[in-house]
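[1] sequence unknown, structure follows:
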């Protein structure tokens, strides 16, 4: 069964360091999402891609966060410098639907970030 | 702005009980609603997707209903089992936005 792959599963870093997360969506899924989930909360969207284009990054803290999906397949989310408040689960999801009308979303296992 | 609320925040039941999880949303102009399951420290697993034109969807012991006009959805779990213990999240899709999630209901089923 096709899955969304994410790495690393766990990352511990000190504040002010750089950290990067990688996501490989289900093959053929044009839409890719990065969500952040703080413990006890629902996921919140950081950035949404349609192929290689950013559709929505209005909630991405652009002073420290960046995301790219250069060839419209896999994607990288970077944080530099990391802050204590960035400790969370970073979830990647993909969907076969178009960005404006999301079909079923499929999530990866997530990357748990702890900033010390 | 769309807001999604899930009640209760936590629920404990003995094995074998039938139970209902509730989800409400403030803006009824949605394309679809999706229910997810999340185990501790894991990602989200899609359970059911209901399109705005549908009233319900069923998968095994799970049944999800949607009343778009009243802004409500319910997830019915029949004959609960300890393996059903997890957090259940609902999310709505609107035009021009990605999925908007509730905070979830954490279910504990005791044997």
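    Sure thing, it's come through. Computed from a predicted structure; not experimentally measured. Residues are numbered from 1 along each chain as shown, chains lettered A, B, ... in the order given.
[2] List of residues touching stretch B:7-23?
    B:4-6, B:24, B:33, B:35, B:72-82, B:88, B:90, B:102-111 (CB atoms under 8 Å, 6 or more residues apart in numbering or on different chains). Placement of C-beta: from N, CA and C, glycine included.
[3] Give me the contact list for stretch A:86-94.
    By CB under 8 Å, 6+ apart, stretch A:86-94 touches A:4, A:6, A:21, A:23, A:25-26, A:29, A:31-39, A:43, A:46, A:75, A:77, A:79, A:105-108, A:110-115, B:41, B:43-44.
[4] Who are the contact partners of the residue nearest to residue B:103 when sequence neighbours are not counted?
    Counting by CB to CB, 6 or more residues apart in numbering or on different chains, residue B:103 lies nearest to residue A:42, which is 4.9 Å off, once chain neighbours are set aside. Applying CB under 8 Å, 6+ apart, we find residue A:42 in contact with B:4, B:89, B:91, B:101, B:102, B:103, B:104.
[5] Put together TSV for these, with neighbour count and pLDDT on each row.
    TSV is the format used below for the contacts of residue A:42 (neighbours: other CB atoms under 10 Å in any protein chain shown; pLDDT from 0 to 100):
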residue	neighbour count	pLDDT
B:4	23	96
B:89	25	97
B:91	25	95
B:101	23	95
B:102	24	96
B:103	16	96
B:104	25	96
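[6] Can you flag which of those residues belong to helices?
    Judged by DSSP state H, the contacts of residue A:42 include no members of helices.
[7] Now flag whichever of those residues is closest to chain A.
    Distance to chain A, by CB to the nearest CB, is smallest for residue B:101 among those, at 3.2 Å.
[8] I'd like the distance between the residue of chain A found nearest chain B and residue A:85.
    As assessed by CB to the nearest CB, chain B sits closest to residue A:42 within chain A, at 3.2 Å. With distances taken as CB to CB, to the nearest Å, residue A:42 is found 17 Å from residue A:85.
[9] In chain A, what residue spans correspond to strands?
    A:5-7, A:10-13, A:19-24, A:31-37, A:44-50, A:53-56, A:65-68, A:75-79, A:88-95, A:106-107, A:111-115 (DSSP state E).
[10] Give me the helices and strands touching the first one, please.
    Contacting strand A:5-7 under the criterion 3 or more CB pairs under 8 Å, 6 or more residues apart in numbering or on different chains; DSSP states H and E are the following elements: strand A:19-24, strand A:88-95.
[11] so what's the spatially closest residue to residue A:26 that is not a sequence neighbour up against?
    Using CB to CB, 6+ apart and skipping the chain neighbours, the partner closest in space to residue A:26 is residue A:2 (4.4 Å). Neighbouring residues of residue A:2 by CB under 8 Å, 6+ apart: A:26, A:27, A:106.
[12] do the same with residue A:11
    Contacts of residue A:11 by CB under 8 Å, 6+ apart are A:19, A:21, A:111, A:112, A:113, A:114.
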